[in-house]
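Peer 1: Okay, sequence plus prediction incoming.
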Amino acid sequence: MQCSLFQSLLDQAVESHADSVSAEVRAHGTACSNAACRQEWADYSLLSRAVADWQSGLPQVDLSDRVLAELFPVAPSVVSSEATAAPALRAYAEQSWRDFRSPTQRPWAIALSVAGVILMIGTLIVSIPHSPTAEVVIRPRKNPVLAPSGEQWASRTPASANVAVQSVEWAQKASSVMAQTIVSIPERGAQWVPGDSWDTDWQQKLEPIRRDAHAAWDALLDELPLPNQPAS
Amino acid sequence: MTGSDDLHELARQCLAGDAESLRAFVGRFQQLVFSLCLQMMRHRQDAEDVAQESIVRAVRHLATWDQTRPIEPWLMGIAANRCRTALERRNRRPVVMETLPEPESNGRPPSDGIGEEVQRAVDTLRDDYRQCFTLFHVQQLSVQEISDLMHVPTGTVKTWLHRARKILAEELQRRGVTAD
């Protein structure tokens, strides 16, 4: 075998990931009078053994959990079996999300939004009785010293007084609708409520708020004069 | 069913979001990816982080893998790119990194196994030689696949591989490692 052929076959063996070389190549590598061929063969033999040793000793790693956790940070149902540790919580979260997206749950969301808008409009309108002009009319009811004269009240049109009262009544109704809507949310979404008494509990918890809101609006209404009747 | 069919089915199930298939996919390729990352990053923790990042990226872009071709070069390409990005980021970081051990002094007989001596010798290689050598001997990629992955001609890959092997052989001999 010529040295050039030996060199070529050795290169081919390396480049093709061959596990071994032919007996002729081996014989030439060990017996050739050319020092370069012997050196090539020595290098090949050394690396064949050393690289195999190196490959088997490379550090091992297990990235499964880390990769899956990164791929599914918010979907524990597909991460791993360990993630089933809290099935009730997961089921509740998933059901809540489905309910939120469900068309059957949209009405309460819409109702809540409408109530909010009504409340905001009502509040804006209610600001009329709190304007400087209106306060001249209202304050004297509590402080007779500052009571306006009949002419002053008469100067106010009955229409503006009616608007003020109606605005407060509107706002009161809006607050009632809103409170009722909040209370009714669990009723409509009863399928995703975890406990049987959840809605009752919430109604009880919200009752003081609703009562306070009504009392506040009633107090405000008491402060306003009746339509077509001067404050005195 | 062939191994290729198995892999295609595994990829299909991964794309469908099946957790067990994803776990199997990670288990099948994590070592290859990690080995390349370790050789390029030369730091275990960094290599784990980049390997994780690479596999996540691969899974997310699994639909772009050309299934008529082997998946390994595609995966290694992602990992190599991630490593390069991480290396650039690390080089900009003004902290001293705890890298793999530096090569031992000349003429010392190997104190550990041959594998450790090879690792130390591999660490002395310049980056492109080391990547080429690792892709070839650890990932078992072909010269053509490395050429595609590293965007260099096959002749360059052969040259790099030959030179890397030559340097390693000399380094090992210098450290007293023999073929016996």
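Peer 2: Sure thing, it's come through.

Peer 1: now what about stretch A:20-29, what contacts it?
Peer 2: Contacts to stretch A:20-29, defined as Cβ atoms under 8 Å, 6 or more residues apart in numbering or on different chains, come from residues A:1, A:3, A:6, A:9-10, A:13, A:37-38, A:40-41, A:44-45. Any C-beta I mention is one placed from the backbone N, CA and C, and that applies to glycine too.

Peer 1: Swap in 6 Å and give it another go.
Peer 2: A:1, A:6, A:9, A:13, A:41 (Cβ atoms under 6 Å, 6 or more residues apart in numbering or on different chains).

Peer 1: Tell me the spacing between the last one and residue B:61.
Peer 2: According to Cβ to Cβ, to the nearest Å, residue A:41 stands 45 Å off from residue B:61.

Peer 1: Please identify which of these two sits among more neighbours.
Peer 2: Set side by side, residue A:41 and residue B:61 show more neighbours around residue A:41, with 22 against 11, by other Cβ atoms under 10 Å in any protein chain shown.

Peer 1: what's the following helix or strand after the helix or strand encompassing the more buried one?
Peer 2: Taking DSSP states H and E as the criterion, residue A:41 maps to helix A:35-56. Next in sequence after helix A:35-56, counting helices and strands by DSSP H and E, comes helix A:64-71.

Peer 1: picking that back up, can you tell me which one of the contacts of stretch A:20-29 sits lowest on pLDDT?
Peer 2: For these, the minimum pLDDT belongs to residue A:1; the value there is 81.

Peer 1: Nearest to chain B: which residue in chain A?
Peer 2: With Cβ to the nearest Cβ as the measure, residue A:57 is the residue of chain A nearest to chain B, at 3.3 Å.

Peer 1: Can you name the residue of chain B nearest chain A?
Peer 2: With Cβ to the nearest Cβ as the measure, the residue in chain B that lies nearest chain A is residue B:115; the distance is 3.3 Å.

Peer 1: and the gap between the nearest residue to that residue once chain neighbours are set aside and residue B:113?
Peer 2: When the adjacent residues along the chain are set aside, residue B:115 lies closest to residue A:57, with 3.3 Å between them (Cβ to Cβ, 6 or more residues apart in numbering or on different chains). Taking Cβ to Cβ as the measure, residue A:57 falls 6 Å from residue B:113.

Peer 1: any idea how far stretch B:127-146 is from the chain center?
Peer 2: Centroid separation between stretch B:127-146 and its chain, computed with Cα atoms, centre = their mean, to the nearest Å, is 8 Å.

Peer 1: now for the helix or strand bottoming out on mean pLDDT in chain B, which elements pack on it?
Peer 2: In chain B, the helix or strand scored least confidently by mean pLDDT, DSSP states H and E is helix B:3-15, which has a mean of 83. In terms of contacts (3 or more Cβ pairs under 6 Å, 6 or more residues apart in numbering or on different chains; DSSP states H and E), helix B:3-15 is packed against helix B:19-41.

Peer 1: Pull up the residues of chain B that are close to chain A.
Peer 2: For chain B, the residues in contact with chain A (Cβ under 6 Å from any Cβ of the partner chain) are B:17, B:19, B:23, B:26-27, B:30, B:34-35, B:52, B:55-56, B:114-115, B:118, B:137, B:143, B:165, B:169, B:172, B:179.

Peer 1: List only buried entries from those residues.
Peer 2: Of all these considered here, the ones buried according to neighbour count by 16 or more other Cβ atoms under 10 Å in any protein chain shown are B:19, B:23, B:26, B:30, B:34-35, B:52, B:55-56, B:114-115, B:118, B:137, B:143, B:165, B:169, B:172, B:179.

Peer 1: Between the two ends of stretch A:56-64, how far is it?
Peer 2: Stretch A:56-64 has an end-to-end distance of 21 Å (Cα to Cα, to the nearest Å).

Peer 1: now it: mean pLDDT?
Peer 2: 86.

Peer 1: Over to stretch A:213-232?
Peer 2: Looking at stretch A:213-232 alone, the average pLDDT works out to 60.

Peer 1: okay, which residue is most central for chain B?
Peer 2: With the centre of chain B defined as its mean C-alpha position, the nearest residue by Cα atoms, centre = their mean is residue B:36, 1.5 Å away.

Peer 1: That one and residue B:134, how far apart?
Peer 2: 6 Å.

Peer 1: With residue B:22 instead?
Peer 2: In this structure, residue B:22 lies at 26 Å from residue B:134, with Cβ to Cβ as the measure.

Peer 1: what's the answer for residue B:40, then?
Peer 2: Residue B:40 sits at a distance of 8 Å from residue B:134 (criterion: Cβ to Cβ).

Peer 1: what about residue A:17, which SS state?
Peer 2: Of the three states, residue A:17 takes coil under DSSP: H, G, I helix; E, B strand; the rest coil.

Peer 1: ok so, going back, what's the nearest residue to the residue nearest to the centre of chain B once chain neighbours are set aside sitting at in phi/psi?
Peer 2: Once flanking residues are discounted, residue B:36 sits nearest to residue B:79: 5.1 Å by Cβ to Cβ, 6+ apart. Phi and psi for residue B:79, reported as degrees, to the nearest 10, are phi -60, psi -40.

Peer 1: got the contact list for residue B:79?
Peer 2: Residue B:79 makes contact with B:33, B:36-37, B:54 under the criterion Cβ under 6 Å, 6+ apart.
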